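Colleague: Build me a model:
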Amino acid sequence: MRVSFDLDEVLFVSPETHKTEPPPRFPYNKIYRERLRLGTPDMIKSLQELGYEVWVYTSSFRSEKYIRHLFRLYGVKFDGIVNGTRHLREVQRDNATTLPQKLPNRYRISLHIDDEEIVCKLARQYGYNVYQLEAQDDDWKEKIIEHAAKIRKREYGY
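Modeller: Reported below is the predicted structural model:
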């Protein structure tokens, strides 16, 4: 089962409003200015150890290479990355109708974690599961793992 995460305000957060992981060591802290929500590397590794594929699905146009390198500094390897460029190329393509900025089910993603209300509201209409992550939450890792387990049980029976 695939679980995806948005980047901005989900995995990348402000140290002024959220607890964060320590920044990468010099000189990488000058290249990668984003700060990871506290517990991000541990949670991603835990999900992967539980047998989930973990993806990034972001509407940002950061390159896949940039995202992979930043997370590698924290010992994290994603199973897949969909950025704004890939979404436009593979999902929106030349559709006359503007599609939502994220359609996780197009990538067989069973659960998407996002903070944006519109992405969460469109989940039912477009047929994907979403977990809305809001503000600072010390129990966010446990809640996401529990939510993923419920969906896996419902969809796959285990």
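
Colleague: Next, residue 70: secondary structure please.
Modeller: Under DSSP: H, G, I helix; E, B strand; the rest coil, residue 70 falls in the helix class.

Colleague: That one and residue 9, how far apart?
Modeller: 16 Å (Cβ to Cβ, to the nearest Å). From N, CA and C alone the C-beta is placed, and that goes for glycine too.

Colleague: With neighbour numbers in mind, choose between those two.
Modeller: residue 70 (21 against 17; other Cβ atoms under 10 Å).

Colleague: quick one, what contacts residue 123?
Modeller: Residue 123 sits next to 112, 129-130 when contact means Cβ atoms under 8 Å, 6 or more residues apart in numbering.

Colleague: my read is it is in a strand, agree?
Modeller: No: applying three-state DSSP, one finds residue 123 to be helix, outside a strand.

Colleague: measure it to residue 3 for me?
Modeller: For residue 123, the distance to residue 3 (Cβ to Cβ) stands at 14 Å.

Colleague: residue boundaries of the helices in this structure?
Modeller: Per DSSP state H, the chain carries helices over the ranges 28-31, 40-49, 64-72, 84-87, 117-126, 140-156.

Colleague: Much appreciated, bye for now.
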